[in-house]
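Participant: I'd like to go over a predicted model; first the sequence, then the structure.
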Amino acid sequence: MIRFLATAVSKAIQRAAEAGQLGSLTPDQSVQITPVIQIPNDTRYGDYACPTALSLKKLSGMAPAQIAQTLCRHLHLPNIETSVAGAGFINFRLRDPFLAERLQELLSLGPQFGKTSAPQPERILLEFVSANPTGPLHVGHGRWAAVGSTVADLLRWTGHQVDCEFYINDAGNQMQILGRSLAVRVKQLQGEDIPLPEEAYHGTYLIDVAQRLLDQVKAGIRPLPTTLEEYTDFAYAEMLAGQKRTLQQLRTAFDHWFSERRLHTPDPETGLSAIQHSLQELQERGFLYRAKAPRGEEPKPDAEEALYFKTQEFGDDKDRVVQKADGSVTYLAADIAYHRDKVRRGYQRLINILGSDHHGYIGRLQAAVGAFSLDVKLEILIGQFVKLFKTDPETGEKVEVRMSKRSGNFVSLNDLIEDPEIGVGVDAARWFLLSTSMDSPINFDLDLAVKQTFDNPVVYVHYSHARCCTLLRRLQEEEKVELTEKVSLDETAKLPYTEPEERTLLLRLLALPDELIAAAEERAPQKIIRYTEAIAADFNKFYDNCRILPLLQEDPALARARIQLVQATRQVLFNLLTGILRLSAPESM
RNA sequence: GGGGCUGUGGCUCAGAUGGAUAGAGCAAGCGCCUCCUAAGCGCUAGGUCGGCGGUUCGAAUCCGCCCAGUCCCGCCA
């Protein structure tokens, strides 16, 4: 709808400019203007409004109200009433035949309603979560999982092709530490009195893993590991499987699981690893140099020569080392190889969702993509963390609980979902993780009645959906009403509605495609949360004010029109709940 | 010291890219079931949108400075 009105206004501006009716605004300039269409907060003004005439004042040298009048004359919108109000707003009011047509469209498209095609469809690779396989996922990972999966769905609904990818950080010495930690836990279970080294993973989850390992040994499934490598492999497999389970539980699906190790493994044909290939290519393209310090910096007295990547050319604040003085490669080298791989897989856009602690990495990642392709766009979404608080029983003050895998002091994603004390279930967990803009941290007080607080809005929406279902079921089964999808107008081309709640609800439901487009373009799932809540609120007001059963005999036309609103509400809520937010949609409560 | 993000009713947060009278949910108070689910609806109360200045017809939104919170600034991964 918004896109439709925006193009209509855009064309009107062009036509008016070509006719020389917009003062000093030239036709060339007129093409550049992208009109703003918004929903006024006071519906008396209209269903949609366009303030663009106001901003054209300078370019045209005309009074905004006059511009608006001119544009109205060039707008040819059947069944939409246009008017000029205030300082120069163009207000649009959708007439009943138009609304009926849209409602008809909604009902016949059903589960497909809301899908749009993109002006420029893209093949997109969306990377998110990408945790180390060294422990259970924590609540913070859950945030990226919920946001990532929803952004992916939003992009798909708006006409893009999206693959979701999890980059498994399974290389580096953290994996050895994991193996060593497990070995100690096993020995402890066998009765040896040895302490866990300081740098080990202290979380109690490794005790469970150790127990499972011993159980398997006892059952003769496998021998007790004899090398560190075997311990590492067992722990790795267990951790990864656990993470996959949790993500699946959170209804987050990945198309690819990309192992970092793969980048370090030499290709049997060339004998070179993907990392070595990448560095070679960077070398050939002139992006590497050997020095004792990055360009523009004085080397420290004891500095040795290392291999630097010119990340500065891509907006980084200084060049970065890819190969250390001792010949080993840095973590960035793996990232370079990884992003080279992404580029070579033919995507037009890469989107990475990262935590705010990674904001300093934007420059080097842009370099890792930019050095290999000028066309592939890399978009990095930085999100703030989930912070946990506890209320100190003595002082009554809120204290932050530090999450750390090393110390074992963290709330896992599983806890949030199913812990008897703080667990809120999958639906409320997803809702909670999606409801706040990524730019804001989520503050989560473990002692407050968070369970109810986050449960409540989900229940509200579920309740509305269930009300629709129950009502429709009752109409069919008890009242023997045949549901129809055919929308009809009366002899004066009016919809039979009588109450303001009906129109408000209808307009809200018809906005689904617009809402999905806006949320997808801004990568802002929280907008869908707000929108879903708004539908539920509009529906409950309608439900309270506009009864149906008493009308079945008295006013069948109105009853039917209201039933269609219920059908439409059920459909839109269903599409949002199951298709975008990945929540359940209960049919009764 | 430099940078990212944040600062909006008592609490948790929205605010559609600068628009018409700043919104929800919890918490508080009052009212509404003879009537399709009261897990609901209506009403009341609560705000100098962190502060100061600027840009213009118009600012919570853009710019500058300041204050506060938070995260980052490795030849770690």
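Facilitator: Sure, I can see it.
Participant: Tell me which residues touch the residue of the stretch 151-300 of chain A found nearest RNA strand B, please.
Facilitator: Closest residue of the stretch 151-300 of chain A to RNA strand B, Cβ to the nearest atom of the strand: A:Gly172 (1.4 Å). Where C-beta positions appear, they are placed from N, C-alpha and C, glycine not excepted. A:Gly172 sits next to A:260, A:331 when contact means Cβ atoms under 8 Å, 6 or more residues apart in numbering.
Participant: same question, A:Leu475
Facilitator: Here A:Leu475 is in contact with A:481, A:483, A:548-549, A:563 (Cβ under 8 Å, 6+ apart).
Participant: and those near RNA strand B, which?
Facilitator: A:548-549 (Cβ under 7 Å from any atom of the strand).
Participant: Restricted to buried residues, select the contacts of A:Leu475 in ChimeraX.
Facilitator: Taking 16 or more other Cβ atoms under 10 Å as the burial criterion, the selection of buried members of the contacts of A:Leu475 in ChimeraX is written as:
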select /A:481,548,563
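Participant: Okay, and which of the contacts of A:Leu475 map to helices?
Facilitator: Among those, the residues falling in helices (DSSP state H) are A:Ile563.
Participant: Most widely separated two among the contacts of A:Leu475?
Facilitator: A:Leu483 and A:Leu549 (14.7 Å; Cβ to Cβ).
Participant: can you count the residues close to the closest residue to A:Asp316 other than its chain neighbours?
Facilitator: Excluding the flanking residues, the one nearest A:Asp316 by Cβ to Cβ, 6 or more residues apart in numbering is A:Gly363, at 2.8 Å. By the criterion of other Cβ atoms under 10 Å, A:Gly363 has 21 neighbours.
Participant: try the one 3 residues further on
Facilitator: Residue neighbour count, defined by other Cβ under 10 Å, stands at 20 for A:Gln366.
Participant: Can you list the helices and strands that the helix or strand hosting it packs against?
Facilitator: Using DSSP states H and E, A:Gln366 falls within helix A:362-370. In terms of contacts (3 or more Cβ pairs under 8 Å, 6 or more residues apart in numbering; DSSP states H and E), helix A:362-370 is packed against helix A:331-344, strand A:377-383.
Participant: can you give me the strands in the stretch 51-200 of chain A?
Facilitator: A:80-85, A:89-94, A:123-127, A:161-168 (DSSP state E, counting those that start in this stretch).
Participant: Run through the residues that contact the residue in the stretch 1-150 of chain A that RNA strand B sits nearest to.
Facilitator: For the stretch 1-150 of chain A, the residue closest to RNA strand B is A:Leu54, as judged by Cβ to the nearest atom of the strand, at 2.8 Å. Taking Cβ under 8 Å, 6+ apart, we find A:Leu54 in contact with A:64, A:87-89.
Participant: And for the closest residue in space to A:Phe128 that isn't next to it in sequence, the neighbour number?
Facilitator: Excluding its sequence neighbours, the residue lying closest to A:Phe128 (Cβ to Cβ, 6+ apart) is A:Gly148, at 3.3 Å. Around A:Gly148 there are 28 other residues, counting by other Cβ under 10 Å.
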